[in-house]
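**Student:** Sequence isn't available, so here's the structure alone:
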Ligand code: SF4
Ligand code: SF4
């Protein structure tokens, strides 16, 4: 039976029952790391490829931090990575939070939920990194 | 098939034409200018100086600092000076709405009367498409015949205060306020330089007899020595560890400061060389550039530094320069270059703040164009060195403050409106409980009033229709250059966006879209009016499967706009004409070329028959707000039984309820119809059933609880785990 009180079916992430500090840490980790534990065993080759892309993106940010890349390249990569991250998360962590951000309700993510989540999260992360690089004078626009 | 293809091609071609046509009309929009326009000596060989100086036969080369050219007429007694022509960007760098300056060529006669103006280039998006470019030309033509020393402001004339008012361009307030500053400041700068305008000398500073010597660090700490740093990236050059130039400077006439820096005898010697009302400042510098300038020729002007006080600028010639042999203050840093400069103008007063200005050339890395930029650092002699302390000065308000003051009443009303909508919505449960399926007036009275206010007051009167272009502009500003002033100059849009961002996260985009977006409100009003005047039988909804397909189009539109804006903000502006907002509110349905009018009018006409077709399927702003609405904190309520009951779904004008009774929070416009059903004991089937059961059994009808069910009569055997929440 479908529960219409939630936009999609409820899900319990592995960290659902954690204490508050552990929960905060787990959520930060959730935002930064798109893979789940089980994922590594499932399809090694695929995960390796994904990690390679993730490393490439990290490298892009590092290059940016060294002042070697211009804004367009970073934005392009960040966008590409976001698309990729949506695909990874739909496999490994296919859930999003429901209701207040300080609450503990989670639900299954539809593709659009995931796109909304990843684009919003990466916009914030990207803007923060971008501003940090700029304020340190590492990015010239 | 072939015919369809041909048709498609024709439609595409027509659309392109329609989109590009206004570009052709906006001739000065991002018009290419010669790369050397800011530096070449013969300015008039590059731009049409005679157009702004009627009657001139020849022009001099650039002269003075800031630069201008003299205009001559050949008369009987030979060449006669008839006026001056100058380029605004040689004198001021005041960005307009786009963040870039409006490059204006100005002609002024020898009496200081503006005799010609010409916009050579602007980057104002609104003038590309929304408002015809001639409006800007018309605006600057209002200066013709006016004296540059007049007090001119945007708005009504105030003869009692001596202000001359100029008509603004509706919908481009920021542009005209910036342009007014450009016109006045450049005019005054040149008029002062050529002696048409004289400044009233300010009272000179009188120094206290504080004489204790200070170390370098103390001087810096108390503000007697200040620093001005320019980094290479600020000039469009590759980043480097070393600053482009880093200057320390200070005012030497103050005895304690002068003696600390130059030593007793050094200071005495310097002062003995100065006439009364002459002033000495020192500069030391490090970095790759030289403040003296490599091309500096003896007898010429130091063209990289100047001192500015209010509207006056003071430049230095070689006779104003003395060598600075060394600094005596303990802890003074090493330097590569140094000098003492004398200000000889009686207009300067050390009692008031002044700035050291470094003039640079910024290289645009994309176009290779160089433009003039200035960097300044304020200096004000510390109060304890001034007899009676620092005088009180009234600084003129920055333009955005003036806008806020000028429109204080409307800002108050608008804020009240925003708060009223939020308060009403926060009390939605009370209102929906007062309503029922047949009488929704407790909700609708508020909603309809808000629609009318949104359309009339917010849309047509304040022109405060939020738009996707603002989202794109912020996105860019966030990445490239964030300037609060840019956003603050439109107070209504600014406040509206704060409200939108907050409410999207609290309740979802529905509060803005469903209750107060001017265009959205207008379309739904039309739909309601259409129904009321007997067109109901022609009104229809798309089938749910078609709706579920087409609703994605708006997200596509949004992502295309976002992607295009990364490459060209101008093109994104053109494409964002998919929003009929400019046509409807900013410019007016009947003031635009027919394709725009047709598009906007067509959408509005369609809205009579389909509820909000634009909002559902096309609006990129709606899409941009829908995505974060996924994470709204407080959604609407549902019951378990909603999974099989279709009552709400059938009534949902936004088609936001799916076959399982779930609400799509991205599509829901918070009309609250389903929330009326939720507590309506006659309309909501589970409630109706329970009501009938109780009536039959002679049981009392308790109120409906927060979970949407009758409050149980006994502690609770009836319905355990059904606390309703979506
Ligand atoms: S979808 Fe667009 S036009 Fe419709 S209400 Fe929302 S912002 Fe306004
Ligand atoms: S009926 Fe309910 S779900 Fe549909 S738009 Fe109105 S409030 Fe949203």
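**Tutor:** Yes, it's here. If you're wondering where the values come from, they're calculated on a predicted model, not measured in any experiment. Numbers count the residues shown, from 1 in each chain, chains lettered A, B, ... in the order given. Ligands and ions are numbered 1, 2, ... in the order given.

**Student:** Work out which residue lies at the spatial centre of chain A.
**Tutor:** Most central in chain A under Cα atoms, centre = their mean is residue A:31, positioned 4.6 Å from the mean C-alpha point.

**Student:** Looks like that one contacts residue A:121 (just checking).
**Tutor:** Yes - using Cβ atoms under 8 Å, residue A:31 is in contact with residue A:121, at 5.8 Å. In this view, the C-beta of every residue, glycine as well, is placed from N, C-alpha and C.

**Student:** So chain B: which segments form each domain?
**Tutor:** Annotated domains of chain B cover B:31-194, B:216-390, B:402-718 [automatic domain parsing].

**Student:** Could you export these as JSON lines, including distance to residue A:24?
**Tutor:** Listed next are these as JSON lines, based on distance: least, Cβ to Cβ, whole Å:
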{"stretch": "domain B:31-194", "distance to residue A:24": "39"}
{"stretch": "domain B:216-390", "distance to residue A:24": "36"}
{"stretch": "domain B:402-718", "distance to residue A:24": "17"}
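
**Student:** Residue ranges in chain A under the pLDDT threshold?
**Tutor:** A:37-45, A:64-72, A:137-141 (pLDDT under 70).

**Student:** cool, chain B as well?
**Tutor:** B:1-26, B:125-126, B:128-130, B:170-171, B:294-300, B:364-372, B:479-481, B:714-726.

**Student:** what residues does it put near ligand 1?
**Tutor:** Counting by Cβ under 6 Å from any ligand atom, the residues of chain B close to ligand 1 are B:513, B:517, B:519, B:520, B:612, B:614, B:615, B:619, B:621, B:622.

**Student:** ok, 8 Å please
**Tutor:** B:466, B:509, B:512-514, B:517-521, B:523, B:554, B:579, B:581, B:612, B:614-616, B:619-623, B:625, B:669 (Cβ under 8 Å from any ligand atom).

**Student:** mind listing what the residue of chain B found nearest chain A touches?
**Tutor:** As assessed by Cβ to the nearest Cβ, chain A sits closest to residue B:661 within chain B, at 3.5 Å. Residues near residue B:661 by Cβ atoms under 8 Å, 6 or more residues apart in numbering or on different chains: A:2, A:4, B:638, B:641, B:642, B:643, B:644, B:645, B:646, B:648, B:649.

**Student:** ok, for the fourth one, nearest residue in space, not its chain neighbours?
**Tutor:** So that's residue B:641. residue B:686 (4.4 Å; Cβ to Cβ, 6 or more residues apart in numbering or on different chains).

**Student:** Over to the first one?
**Tutor:** Distance criterion Cβ to Cβ, 6+ apart; nearest residue to residue A:2, sequence neighbours excluded, is residue B:660 at 4.2 Å.

**Student:** And for residue 96, the neighbour number?
**Tutor:** Defaulting to chain A. 21 (other Cβ atoms under 10 Å in any protein chain shown).

**Student:** switch to chain B, that's the one I care about
**Tutor:** For residue B:96, using other Cβ under 10 Å, the count is 23.

**Student:** Quick check: which element contains the nearest residue to it once chain neighbours are set aside?
**Tutor:** Leaving out its chain neighbours, the residue that sits closest to residue B:96 by Cβ to Cβ, 6+ apart is residue B:178, at 4.3 Å. Per DSSP states H and E, residue B:178 falls inside helix B:173-193.

**Student:** hang on, the earlier thing: now do the contacts for the residue nearest to the centre of chain A.
**Tutor:** Contacts of residue A:31 (Cβ under 8 Å, 6+ apart): A:121, A:125.

**Student:** quick one: the strand or helix carrying it to chain centroid distance?
**Tutor:** If you go by DSSP H and E, residue A:31 is part of helix A:20-32. Offset of helix A:20-32 from its chain centre (Cα atoms, centre = their mean, to the nearest Å): 12 Å.

**Student:** Same question for stretch B:676-686.
**Tutor:** On Cα atoms, centre = their mean, the centre of stretch B:676-686 falls 48 Å from the chain's centre.

**Student:** got it, and stretch B:233-250?
**Tutor:** Per Cα atoms, centre = their mean, the centroid offset for stretch B:233-250 relative to its chain is 28 Å.

**Student:** Compute the inter-axis angle for the helix ranked longest in chain A and helix A:20-32.
**Tutor:** Looking across chain A with DSSP state H, the single longest helix is helix A:111-135. On the basis of axes from the mean of the first three to the mean of the last three Cα atoms, to 10 degrees, helix A:111-135 is oriented at 90 degrees to helix A:20-32.

**Student:** quick one: buried residues of helix A:111-135?
**Tutor:** Judged by neighbour count using 16 or more other Cβ atoms under 10 Å in any protein chain shown, the buried positions of helix A:111-135 are A:112-119, A:121-123, A:126, A:129-130, A:133-134.

**Student:** Which secondary structure elements does it sit against?
**Tutor:** Packing partners of helix A:111-135 (3 or more Cβ pairs under 8 Å, 6 or more residues apart in numbering or on different chains; DSSP states H and E): helix A:44-65, helix A:71-92, strand A:95-97, helix B:468-479, helix B:620-629.

**Student:** Turn those into CSV, columns for distance to residue B:412.
**Tutor:** Below are those laid out as CSV (distance: least, Cβ to Cβ, whole Å):
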stretch, distance to residue B:412
helix A:44-65, 45
helix A:71-92, 40
strand A:95-97, 38
helix B:468-479, 22
helix B:620-629, 26
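
**Student:** Give me whichever of these is most buried.
**Tutor:** helix B:620-629 (a mean of 25; mean count of other Cβ atoms under 10 Å in any protein chain shown).

**Student:** what about that helix, distance to the chain center?
**Tutor:** 22 Å.

**Student:** do it and chain A meet?
**Tutor:** Yes - contact between helix B:620-629 and chain A, assessed by Cβ under 8 Å from any Cβ of the partner chain, occurs at B:626, B:627, B:628.

**Student:** Would you mind getting the angle between that helix and helix A:111-135?
**Tutor:** 90 degrees.

**Student:** Helix or strand next in line after helix B:620-629, which one?
**Tutor:** The C-terminal neighbour of helix B:620-629 among helices and strands, as given by DSSP H and E, is helix B:647-651.

**Student:** Say whether ligand 2 is contacted by that next one.
**Tutor:** Yes - using Cβ under 8 Å from any ligand atom, we find that helix B:647-651 touches ligand 2 at B:648, B:651.

**Student:** Now tell me what touches that helix from outside.
**Tutor:** B:642, B:657, B:658, B:659, B:661, B:673, B:674, B:677, B:678, B:683, B:684, B:685.

**Student:** buried set for stretch B:162-176?
**Tutor:** Buried, per 16+ other Cβ under 10 Å, within stretch B:162-176: B:164, B:166, B:168, B:169, B:171, B:172, B:173, B:174, B:175, B:176.

**Student:** List the residues that contact the fourth one.
**Tutor:** For residue B:169, the residues meeting the contact criterion (Cβ under 8 Å, 6+ apart) are B:131, B:135, B:136, B:138, B:139, B:175, B:176.

**Student:** what about residue B:267, neighbour count?
**Tutor:** There are 22 residues near residue B:267, going by other Cβ under 10 Å.

**Student:** just checking, residue B:683 is part of a helix?
**Tutor:** No - under DSSP: H, G, I helix; E, B strand; the rest coil, residue B:683 sits outside any helix and is assigned coil.

**Student:** Enumerate every residue touching the nearest residue to it once chain neighbours are set aside.
**Tutor:** In this structure, residue B:683 finds its nearest non-sequential neighbour in residue B:437, 3.9 Å apart by Cβ to Cβ, 6+ apart. Residue B:437 sits next to B:676, B:677, B:680, B:682, B:683 when contact means Cβ under 8 Å, 6+ apart.

**Student:** try residue B:224
**Tutor:** Contacts of residue B:224 (Cβ under 8 Å, 6+ apart): B:214, B:250, B:251, B:254, B:256, B:257, B:381, B:382, B:385.
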